[in-house]
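Peer 1: Return atomic coordinates for the entry below.
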Amino acid sequence: MYRFLAAVLIVSASVSAQSDPDGYATAEAPSSVYSPSASRVDAAPAYYVTDRDVALRASPVGRAPVLATLQPRDGVRVLEEAGPPADGFAAGWRRVRYGGLEGYVRAAELSNLWIRVDKSDRVVYVYRGSALVRELPADVSISDEDKVRRSARGEDAHYRIPEGVFFVTRRNDRSAYYRAFVISYPGPVHALRGFRDGIITQDQYEAIVRADQDGVEPPMNTRLGGLIEIHGSGSGRQRAWTRGCVALRNVHMDELWAYVSVGTPVVIEP
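Peer 2: Take a look at the predicted model:
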């Protein structure tokens, strides 16, 4: 479900940008109210769950029957984002589709924020659904190739930023680089390649795949490496100096800190 959701968010990305930092909170997908009679469910805005054990309820009432229990990164389609107070929307509920079920989830437990990193342009793009709300200059790694394995001391050629679809596994406000979002590298794609190339064992490969399926941080002590972050202490001048991370100016990390949660999708492109 999550990988399907990530694909929907990526494919629908707009090319227009809003420079207003308030766009983090205000930009929405193209349609704020979805009508089942006017369009198919797969045209409704895509969101993902941000908290654990989120109840999908039969009606917008806290004591309503629970239809399903959702976990972080579970994808939903928001069918309605607004409505009359009598329907519960004033209390912050959203009517959603999850698989074959339709029910209600609190808006505070949903997000459509995601991040795209362009290594070549050295830019971090921040989206709300299909709306591009921010472009941030980024410092990148010494090498521009995809990460294959952990680098040894002095191996500058392996200080690389991994490419693919990841998610934020942890927020670190005591980072040596001001603040940091740890991303879910290594993921299944890098793990499979590493297993086939003899870099990791089958047990290590399976542990990484399980972590991705469970939405938790993968093992980072294998020969594939880990602790890849979007962190602060960046120059804002789009330099190449990191050891596999993306570095932003501290002021830009402060902006993101208010909106990026564990589970936020991160797409890293060459």
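
Peer 1: Just give me the neighbour total for the closest residue to D51 other than its chain neighbours.
Peer 2: Spatial nearest neighbour of D51, excluding adjacent residues (CB to CB, 6 or more residues apart in numbering): E109 at 4.9 Å. Every C-beta, even on glycine, is put in place using the N, C-alpha and C of the backbone. Here the number of neighbours of E109 (other CB atoms under 10 Å) works out to 18.

Peer 1: go on, the one 4 residues further on?
Peer 2: Counted with other CB under 10 Å, the burial measure for L113 works out to 23 neighbours.

Peer 1: hey, where'd the helices end up in the protein?
Peer 2: Assigned by DSSP state H, the chain shows helices spanning 2-11, 23-26, 188-196, 202-214, 250-257.

Peer 1: all strands of the stretch 1-150 of the chain, in order?
Peer 2: 46-49, 54-57, 66-70, 75-80, 93-98, 101-106, 110-111, 113-118, 123-128, 131-137, 140-141 (DSSP state E, counting those that start in this stretch).

Peer 1: Go through those strands and name the closest to F166.
Peer 2: With CB to CB as the criterion, F166 lies closest to strand 113-118 of these, at 9.4 Å.

Peer 1: Neighbouring strands of the closest one in the sheet, and parallel or not?
Peer 2: Sheet pairing of strand 113-118 (DSSP bridges) gives strand 123-128 (antiparallel), strand 265-269 (parallel).

Peer 1: Can you add mean neighbour count and mean pLDDT and give those back as a markdown table?
Peer 2: Formatted as a markdown table, those follow (neighbours: other CB atoms under 10 Å; pLDDT from 0 to 100):
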| stretch | mean neighbour count | mean pLDDT |
| --- | --- | --- |
| strand 123-128 | 22 | 96 |
| strand 265-269 | 22 | 96 |
